[in-house]
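In: need a 3D model of the following:
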Amino acid sequence: MPFPENAEQMWAHGYQFAGHGSCQGCHEAIEWWRTPQGRHIPMNRMPDSTSAAIAHWATCPESGWFRRAQPAKPAGAEKLKKAS
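Out: Take a look at the predicted model:
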């Protein structure tokens, strides 16, 4: 299923508006939405229901600050790889 194009489509696909806020990275005003799976997603502000729905991380200049750290490799992983 492609990502909804606007707020009307978000409502139709089971997304729920969860409130207004501001990005902790760039301090822009954002909207919080809950996905049909129950996860929160920050969206750029949509002045009306037909405005483009754009996930804030796609436009935030500080989006890298929010990325989850990759899990560390287990100790000795390189030695095991070389031995095989």
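In: from here on, contacts and neighbour counts on C-alpha atoms
Out: OK.
In: where do the helices sit along this structure?
Out: 7-12, 77-83 (DSSP state H).
In: any idea which of those scores lowest on pLDDT?
Out: For those, the weakest mean pLDDT is recorded on helix 77-83, namely a mean of 51.
In: which residues sit in contact with the residue nearest the centre of the chain?
Out: Geometric centre of the chain, nearest residue: residue 41, 4.7 Å, by CA atoms, centre = their mean. Shown in contact with residue 41 (CA atoms under 8 Å, 6 or more residues apart in numbering): 32, 33, 34, 35, 55.
In: likewise residue 30?
Out: 20, 21, 22, 23, 42, 43, 44, 45, 56.
In: could you redo the last one with a cut-off of 10 Å?
Out: 19-23, 41-46, 55-56 (CA atoms under 10 Å, 6 or more residues apart in numbering).
In: need the buried ones from those residues selected in PyMOL.
Out: Buried members of these, defined by 16 or more other CA atoms under 10 Å, are picked up in PyMOL with:
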select buried, resi 23+41+42+43+44+45+55+56
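In: pLDDT below threshold where in the chain?
Out: 1, 68-84 (pLDDT under 70).
In: what are the ranges of the strands in it?
Out: 16-22, 29-34, 40-44 (DSSP state E).
In: can I get these in TSV with distance to residue 8?
Out: Formatted as TSV, the strands of the chain follow (distance: least, CA to CA, whole Å):
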stretch	distance to residue 8
strand 16-22	11
strand 29-34	13
strand 40-44	14
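In: for residue 9, which of the ones you listed is the nearest?
Out: Nearest to residue 9, of all the strands of the chain, is strand 16-22, at 11.0 Å by CA to CA.
In: residues of stretch 23-31 that come out buried?
Out: Buried residues in stretch 23-31, counted by 16+ other CA under 10 Å: 23, 30, 31.
In: which ones are touching the first one?
Out: So the one you mean is residue 23. 29, 30, 31, 42, 43, 44, 56, 57, 60, 62, 63.
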